[in-house]
Each structure stands twice: as structure tokens, then as C-alpha cells.
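[1] Pasting the sequence and the predicted model now:
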Amino acid sequence: MKASKSAVLLLSLLGLTLLLGGATGTPAAVDTLYKDPRRPMNTRIKNLMDQMTLEEKIGQMAQVERSVATAEMMREFSIGSLLSGGGSVPRERATAEEWVDMVNMFQNGSLSSRLGIPMIYGIDAVHGHNNVYRATIFPHNVGLGATRDPQLVRRIGAATALEVRATGIQYAFAPCIAVCRDPRWGRCYESYSEDPKIVEQMTELINGLQGEIPPNSRRGVPFIAGKDKVAACAKHFVGDGGTRNGINENNTIADWHELLSIHMPAYYHSIIKGVSTIMVSYSSLNGLKMHANQYLINNFLKGTLRFRGFVISDWQGVDKIYYPEHSNYSDALLRSINAGVDMVMLPYNHTEFLSIVKSHVENKLIPMSRINDAVSRILRVKFSMGLFENPMADYQFVDKLGVQAHRDLAREAVRKSLVLLKNGLLPLPKKSNKILVAGRHGNNLGLQCGGWTIAWHGMDTKNLTTGTTILNAISNAVDPATQIVYSENPNAEFVKANNFSYAVVVVGEPPYSETVGDNANLTIPEPGLTTMQTVCGSVKCVVVLISGRPLVVQPYLDSIDALVAAWLPGTEGEGVADVLFGDYGFTGKLPRTWFKSVDQLPMNVGDQHYDPLFPFGFGLTTQPIN
């Protein structure tokens, strides 16, 4: 009996020694079963999580901005994700290879951590890979909504995924499936339409970004098809497009029926398509900040809708639960994580985040079950992506950045997105004596692309990236004998003296994003308005309006021969020339109601007192000249 007790004691001591790494104090051996792709995913997740410390789990819940990250930080804190904020790049005009090298440098740090959990790198690729120099910039979502073509949007998603992968990045914060109900909102161009049915259809972008979900896949489970695809992110959950007076990050007042019928349908469809992540909105719903809305995130999204990917905060979205921002941050983290936020886009203060969340868990304010739910979801996406098998990026897709096939696709999208609102002039003759192209937007890629292009708010600059301005496109389209005169803001005497055959006036909004774009007036900004009035008062003109939303045009319609809503077309200006000169016909339909006066706002199709200048769905058509 004594001998038996001694054996048990010896075995116990031996087990403890092995657990502690032996007398040398070296770390315990890691069971690498989770790295075996032949094992079921749930088995791999459980095996890995059983070996993770609390600190490692919380580290996976952090997303940090690349500008403050190091490889050592990734290794030491097991950080789950990095991101590039708007305009955050390795260097100005960095090559695809330089992006790959940067991502791999951080990834090497993650892989050298105790468990070697790969990080996922996210970026706002919202109309193409828009942070990156030389990438193809597609029309913003409002223009894609005008195409009424979900399969076109799917192809754009696939092209965008390839260009994102060209830079070594695996995660795109797209699509924005907001239903913009008030064009005064600065993010309205990120919304496909005021009509939830169109927004619902355009979730087809997810199939382009991630790949087509297999027919036998379980509903709500994230799916990414391979190395040429990226994890997608449906945003911003939920009601961001319905804020009062169109004020960004404001309060959306909606009853349950309105929420489910207008703002929620695109989320059902995104989840069915296997979307990997969902981002929470800055806005509030009936006075409650969405980042703290436990019922809608934990109960409805994860419970009722059975979403199995991970929920991510918006940039400092947790900080904004209280005002001033970042005040009472400890309680904000407690509320948001308990509400169901799985990954927090910090983006800078990782040590503060890790310390506070660990304290909340140790004090039993955040249950361990909530941490485990968050981490299992994050790991599920990483396993679904094949990140454990292929964590490192390579150069195999670098030649896909800005490739001609994608530019041709963007050109197609531009011409299908244009909405002809008035016509007494089009199509234009290619062979004329002398034509005038006027307006700053006619020869400026920055103005043509809008916000979320190279920089967060976009840039007012001709040399923003690689592309074709509308002026250059017109030059390429017309007969070589046709003389083109370009003037940003010509005076009436100049216009009258030159005896122009006709004029193309390209005017519109400056670039903007988010709150910077909130606008209660929605007038055509100067000097564009004066340019339009001066030119159209002296010569036959077509006005090409570059904007993220409808603007006030009613007072000027009589003096305009033709009016084209071109939205924010991106880098491929040839798409505009294609329809102006009749190589293709106009087919676009308004994705938004065009108001007479801002006093009517908000006004959406189906409203009781609906009295638009141009109704939702309006769009004149023309036939191509063959």
C-alpha cells in the first residue's frame, strides 16, 4: 500500500514538472493538434483555446493600428489583428511588394509567439483597394446602386479581393450596407440606396470578396474560398443610415417594425452569404449606443440570426460610448464586450485595453464565457481563411494591382452607374469644330474619386493615383480634328467669343468622408455653381454632376440642356465619355429620391407626402450609336 502511494506521489510530481516545463523553467510543450487542417474546425478551436492563457485570449480581441505596432508587440501580447486606418500606409505611394513585406513583418511577430496564432490584417477597401496607390478605384456604392446590377457588384468584389491580396492583406471592411434615408448624411455615398431591397441585392459583393458559399454550408458560418479571397465585413450594425437629420453618429429613432423592414434585411442576406465579420455602428438606436446594445448584438444578431463570425467595433467606437470620448473607458469596455463586441478596434492603446479587460474578468464583471465566445469566433474566422496553413503573404498577386481587366470592369461600372436626368443634347457628336470642357472636376482625379481614396477624406489633387480624368477621356473619345478647350472657371465673354459647338461642364462636391460630409444645404459648391451658370447661359451644355448624393438643381434646370448624375465614379473617367458620346446608352436608375428642396428632407420613396424633383428609379435612357 505504501509503495502504491509513493508511486502516485512520484507520478504527480512528474506531471507537475512536465506542466511547468521541467526543472529548467522552460515553457510547457504546446499541443499542435490545432495546426492540423485534417481535424474538424471545432476540435482545432477547442484544442487551441484550452492552451491559451487569459492574456492571450484578450490579446486576440484587440485590433491595433499599424502605425503603433511592432513585431515584438505582436509576439508579446498575442495581438489578434492589425489595420490600416484611412491613409495609413507603409510609405507614400508604396508598391504592392512593400505592402506584402510590411504585413509579413508583423505576421512573423505573431507566428513567433508561444502559440503562433496568425494575425489578420484589415483595411477599408470600400470602392476598390482605395488606400493603395495604383489600385483600381471603382464607383462609390451610391453609383453601384444606380446600376441595379448585383452580378456586376459581385465581379467588383472579386476584383477588389484580388487587389487587396496583392498587398498581402486578408480582410476588407466592406460592404457598407447602410440604408441612407437622408442625403444630408456625410456617408450617404457609402450606401447603395434608400431602398432596402436594392441594398439587400448588393450584398452580392460578399460573394465576390469571399467566394460563393458551398450549398451544404451551415447558415451563419463564415466562409472564405481561398488565397485570392478576403474576409468581408458587413457594416454598420444597425440603423446607421437612419440617423435624425442625417447627422453622422447621431440617434436613429425607429420602432421594431421599421428596424426590421428597412435597416436589418441586408444583414440577414449577408449572414446567409457567410459574411465573416460584422462591424457595429457609431450611431445610437432610440437613445442607446449600438456599441452597448446587448439585445441587438448578443441576443438578436448572434442568437436569433445565428451569426457565427465575429463582431468588431468601429474605430474607437467603444471610446465613443461616453462623452467626452475615452472618458469612463473602463465602463465602456465592460458594456461593449458584455454586449457582444468580440474584437475592439482600439486602435492605439493596447496595454490599457488588455489591463482593463483582464481586471474585469478577474473581478467577474465580464464572464469567462463571454471571452471564450469572442475568441472562438475570431479563431473560427482565422481557421476558415486557412491562415494557420498559409499565414504568410507572397508576391503571387502583386501584378493584379490596378490590372487592366479591373480597370475595364470599373469603366463598365461607371457607364452603367450614370443617370440621365434631363436630355436635350445627348449623345454628343464626336466630330465638332471646337468644344469646351469646364469645371474643376473635369480634370482632377481626387475630385472624381471622392472620399476614402488614398486619404481618409480623399484629396483635391490631380495626381491622386493612376487613372483617367473625364477631360482625358473626352480627349480620347472625340475625333482628332475636334479642338478641345479646357477652362476651370471661364467667364461669359470667353465662352461667347470662342463660338463653341457645345460644352461639357463637370462640377460637384469636394471630397469628404463621415462627419466632415454632413451638409444641411446640399447646394452645388462654388466655383462650380458659377461655372455652370456662366457656361450654360452662353452655349449648349451638358452638366456632369460629381457628387455623393442629390444636390439642389431645380433652380438651374431650365438653362441646362442635359444633366447627368455621375456620382463619384472613381479612376476610370472613360466610362463617362462612353455614354456622353453614344458608344453606350444611358441605363442607370436613381438609387435615391432627388428632392426639389432640402426643406423636404428626409423624403423617401413610399412616404405619404412624396413630391420629388426626380422620383426614385427615374432615369432617361438612350440608344448607343452604332
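    Ah, there it is.

[2] wait, what's in contact with Asn489?
    Residues near Asn489 by Cβ atoms under 8 Å, 6 or more residues apart in numbering: Ala438, Gly439, Arg440, Pro527, Thr530, Thr531, Thr534. Glycine gets a C-beta too; all of them are placed from N, C-alpha and C.

[3] can I assume it sits in a helix?
    No. Counting by DSSP: H, G, I helix; E, B strand; the rest coil, Asn489 is located in no helix; its state is coil.

[4] so what's it scoring on pLDDT?
    On pLDDT, Asn489 comes in at 97.

[5] That one and Arg39, how far apart?
    67 Å (Cβ to Cβ, to the nearest Å).

[6] Ok, Gly239 next?
    Applying Cβ to Cβ to Gly239 and Arg39 gives a distance of 40 Å.

[7] Looking at the two, which one has more neighbours?
    For the pair Gly239 and Arg39, the greater number of neighbours falls to Gly239 (27 against 14), based on other Cβ atoms under 10 Å.

[8] Over to that one: give its phi and psi.
    The phi/psi pair for Gly239 (degrees, to the nearest 10) reads phi 90, psi 10.

[9] I'd guessed it sits against Asn251; true?
    No. With contacts counted by Cβ atoms under 8 Å, Gly239 stays clear of Asn251, the gap being 9.2 Å.

[10] count of residues packed around the residue nearest to Phe383 when sequence neighbours are not counted?
    Spatial nearest neighbour of Phe383, chain neighbours left out: Met41 (5.2 Å); criterion: Cβ to Cβ, 6 or more residues apart in numbering. Counted with other Cβ under 10 Å, residues neighbouring Met41 total 14.

[11] Contact partners for Ser487?
    Leu436, Val437, Ala438, Phe494.

[12] Ignore what I typed, I meant Ala159.
    Per Cβ under 8 Å, 6+ apart, neighbours of Ala159: Gly128, Thr136, Phe138, Gly208, Ala405, His406, Leu409.

[13] tell me the SS of it?
    helix.

[14] Per-residue pLDDT of the residue nearest to Phe383, please?
    At Met41, pLDDT is 96.

[15] How much space separates it from Met345?
    For Met41 relative to Met345 (Cβ to Cβ), the value is 25 Å.

[16] ditto for Pro510
    With Cβ to Cβ as the criterion, Pro510 and Met345 are 27 Å apart.

[17] Among those two, which residue is more densely surrounded?
    Neighbours were counted for Pro510 and for Met345 using other Cβ under 10 Å; Met345 has more, 24 against 20.

[18] who's in contact with that one?
    For Met345, the contact set (Cβ under 8 Å, 6+ apart) comprises Gln63, Leu83, Ile312, Ser313, Asp314, Trp315, Gln316, Gly317.

[19] thought the fourth one was touching Gly340?
    No. Taking contacts as Cβ under 8 Å, Ser313 lies outside contact range of Gly340: 10.6 Å.

[20] Give me the common contacts of Gly239 and Asn251.
    Ser283, Leu285.

[21] Show me the helices in the stretch 301-450 of the chain, by range?
    Along the stretch 301-450 of the chain, counting by DSSP state H, counting those that start in this stretch, helices occupy 329-339, 350-362, 368-384, 404-417, 445-449.

[22] Go through the longest one and flag the buried ones.
    Looking back up the chat, that one is helix 368-384. By neighbour count with 16 or more other Cβ atoms under 10 Å, helix 368-384 contains the buried residues 370-371, 373-384.

[23] Taking helix 350-362 as reference, get the angle to that helix.
    Counting by axes from the mean of the first three to the mean of the last three Cα atoms, to 10 degrees, helix 368-384 lies at 130 degrees to helix 350-362.

[24] elements contacting helix 368-384?
    helix 41-51, helix 54-60, strand 310-312, helix 329-339, helix 350-362 (3 or more Cβ pairs under 8 Å, 6 or more residues apart in numbering; DSSP states H and E).

[25] can you check the second one too?
    Contacts of helix 350-362 with other secondary structure elements, assessed using 3+ Cβ pairs under 8 Å, 6+ apart, are made with helix 54-60, strand 62-65, helix 71-77, helix 329-339, helix 368-384.

[26] With distance to Glu212 and mean pLDDT added, can I get these in JSON lines?
    Output for the helices and strands packed on helix 350-362, formatted as JSON lines (distance: least, Cβ to Cβ, whole Å; pLDDT from 0 to 100):
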{"stretch": "helix 54-60", "distance to Glu212": "28", "mean pLDDT": "98"}
{"stretch": "strand 62-65", "distance to Glu212": "27", "mean pLDDT": "98"}
{"stretch": "helix 71-77", "distance to Glu212": "33", "mean pLDDT": "98"}
{"stretch": "helix 329-339", "distance to Glu212": "32", "mean pLDDT": "98"}
{"stretch": "helix 368-384", "distance to Glu212": "14", "mean pLDDT": "98"}
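
[27] Turn the ones you listed into TSV, columns for distance to Asn293.
    As requested, the helices and strands packed on helix 350-362 are exported to TSV (distance: least, Cβ to Cβ, whole Å):
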stretch	distance to Asn293
helix 54-60	22
strand 62-65	20
helix 71-77	28
helix 329-339	6
helix 368-384	15
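
[28] and of these, who's closest to Ile484?
    strand 62-65 (44.7 Å; Cβ to Cβ).

[29] now the closest one: how far from the chain's centre is it?
    Taking Cα atoms, centre = their mean, to the nearest Å, the mean C-alpha location of strand 62-65 is offset from the chain mean by 17 Å.

[30] contacting residues around it?
    73, 77, 79-85, 88, 122, 312, 343-348, 350, 353-354.

[31] Mind doing that once more with 7 Å?
    For strand 62-65, the surrounding residues in contact (Cβ atoms under 7 Å, 6 or more residues apart in numbering) are 79-83, 85, 88, 122, 312, 343-348, 350, 353-354.

[32] How about stretch 186-193?
    By Cβ under 7 Å, 6+ apart, stretch 186-193 touches 126, 140-142, 144-145, 176, 178-180, 198-199, 202, 241, 248, 450, 512-518, 548-549, 567-568, 591-592.

[33] now swap in stretch 411-419 and tell me
    Contacts for stretch 411-419 (Cβ under 7 Å, 6+ apart): 138-139, 143-144, 146-147, 149, 152, 156, 564-567, 569-570, 572, 574-576, 578-579, 584, 586-590, 619.

[34] sorry, back to before: would you mind giving the helices of the stretch 301-450 of the chain as JSON lines with distance to Asn286 added?
    Shown next, in JSON lines, are the helices of the stretch 301-450 of the chain (distance: least, Cβ to Cβ, whole Å):
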{"stretch": "helix 329-339", "distance to Asn286": "15"}
{"stretch": "helix 350-362", "distance to Asn286": "27"}
{"stretch": "helix 368-384", "distance to Asn286": "24"}
{"stretch": "helix 404-417", "distance to Asn286": "35"}
{"stretch": "helix 445-449", "distance to Asn286": "36"}
